[in-house]
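J.: Pasting the sequence and the predicted coordinates here, then a few questions.
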2 protein chains.
Amino acid sequence: MAKQTGSGDRRVRGSRTGRPIMVLLDLLGRRWALRILWELREKPLTSRALRTACDEASPTVLQARLTELREAGFVELGDGGGYGLTALGRELGEMVMPLHRFAERWRSKSAG
Amino acid sequence: MAKQTGSGDRRVRGSRTGRPIMVLLDLLGRRWALRILWELREKPLTSRALRTACDEASPTVLQARLTELREAGFVELGDGGGYGLTALGRELGEMVMPLHRFAERWRSKSAG
DNA sequence: CTCTTTGCTACAGATAATGTAGCAATACGC
DNA sequence: GCGTATTGCTACATTATCTGTAGCAAAGAG
């Protein structure tokens, strides 16, 4: 296994060019990444609460995503415990929020 | 685990509740899904051209994502060949586009 | 010290992605 | 018709990633 060193060797999977948009698209295109941003939209959550919110997803991936999102500067671990969005993370969240209404309309078309 | 049959039994991974937003977040949170929407933003592309655009990603996954995105109604295979966004897909694209500028600002902060 | 919760890790088994190859169908030129 | 090149799409072994369950050390409350 190639393994992540966790600090320096951040490989840009899915983008050999390294263009910002590709890096971002790749980061957000990992399991639970978007979901985490969504679940933290209102208020910070502890790792356990976040896990519960994410349908009891495996703590392994959750922890991995959380680390990546933290390194990206979207999420931070508050001093009082609990994960929350940074200013940048909230900004990113602004673009994820509209998906809510879109999703509702979408399902009413395809599954309703 | 229940395994995908590939045609009818489309399970809603990552969302036991089936809430539209969760289903959407899960769908978009798969490898190359967001990237495909991004690459098709301008004009339709053939499967090969799309593969090239996506850094020569494996045709296996690309084909899988394409099928999922088609079933979701975001992507369609034009009669003259080539994949393009549907009206719904373009609408979804509208929410992905702002990520471009965000990504630029983001990288200029975190990477120098 | 015990009980509980925190963030986080181990690890085997299952699932998904990669990389390379190649198929049937369609269209071109001849 | 025959080659040649494209299309969308599939096979399959290797490798990467995720799941599910268990459990750790640290911090706080009693």
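T.: Structure's in. What do you need? Bear in mind the structure is a predicted one, so any value in this text is a computation, not a measurement.
J.: tell me the contacts of residue A:40?
T.: Neighbouring residues of residue A:40 by CB atoms under 8 Å, 6 or more residues apart in numbering or on different chains: A:50, A:75, A:83-85, A:89, A:93. For the C-beta atoms, the positions are set from N, CA and C on the backbone; glycine is no exception.
J.: Same check on residue A:20?
T.: Residue A:20 makes contacts with B:103-104, B:106-107, as judged by CB under 8 Å, 6+ apart.
J.: Please check those and keep the buried ones.
T.: With neighbours counted by 16 or more other CB atoms under 10 Å in any protein chain shown, the contacts of residue A:20 contain buried members at B:103, B:106-107.
J.: Residue A:35: which element?
T.: Using DSSP states H and E, the element containing residue A:35 is helix A:33-39.
J.: how close does the residue lying closest to residue A:107 once chain neighbours are set aside sit to residue B:80?
T.: Using CB to CB, 6 or more residues apart in numbering or on different chains and skipping residues adjacent in sequence, the residue nearest residue A:107 is residue B:20, 4.0 Å away. As judged by CB to CB, to the nearest Å, residue B:20 and residue B:80 stand 32 Å apart.
J.: what's the residue most central in space within chain A in contact with, if anything?
T.: In chain A, the residue lying closest to the centroid (CA atoms, centre = their mean) is residue A:33, at 2.8 Å. For residue A:33, the contact set (CB under 8 Å, 6+ apart) comprises A:27, A:65, A:68-69, B:29.
J.: re the thing from before, least trustworthy position among the contacts of residue A:20, going by pLDDT?
T.: Least confident entry in the contacts of residue A:20, by pLDDT: residue B:107, with 90.
J.: wait, that residue sits on residue A:22?
T.: No. Between residue B:107 and residue A:22 there is no contact under CB atoms under 8 Å: 10.6 Å.
J.: Can you pull the phi and psi angles for the residue nearest to residue A:107?
T.: Main-chain dihedrals, residue B:20, degrees, to the nearest 10: phi -50, psi -50.
J.: again with the one 10 residues further on
T.: Note on residue B:30: backbone dihedrals following degrees, to the nearest 10 are phi -110, psi 150.
J.: which regions of chain A sit below the pLDDT cut-off?
T.: Chain A contains residues with pLDDT under 70 at A:1-16, A:111-112.
J.: any idea where the helices of it begin and end?
T.: Assigned by DSSP state H, the helices in chain A fall at A:20-28, A:33-39, A:47-53, A:59-72, A:87-96, A:98-110.
J.: Next one: residue A:58 from residue B:81, what distance?
T.: Here residue A:58 is placed at a distance of 41 Å from residue B:81 (CB to CB).
J.: okay, these two: which has more neighbours?
T.: A side-by-side neighbour count of residue A:58 and residue B:81, using other CB atoms under 10 Å in any protein chain shown, places residue A:58 first with 12 against 9.
J.: State the phi and psi torsions of that one.
T.: Main-chain dihedrals, residue A:58, degrees, to the nearest 10: phi -60, psi 130.
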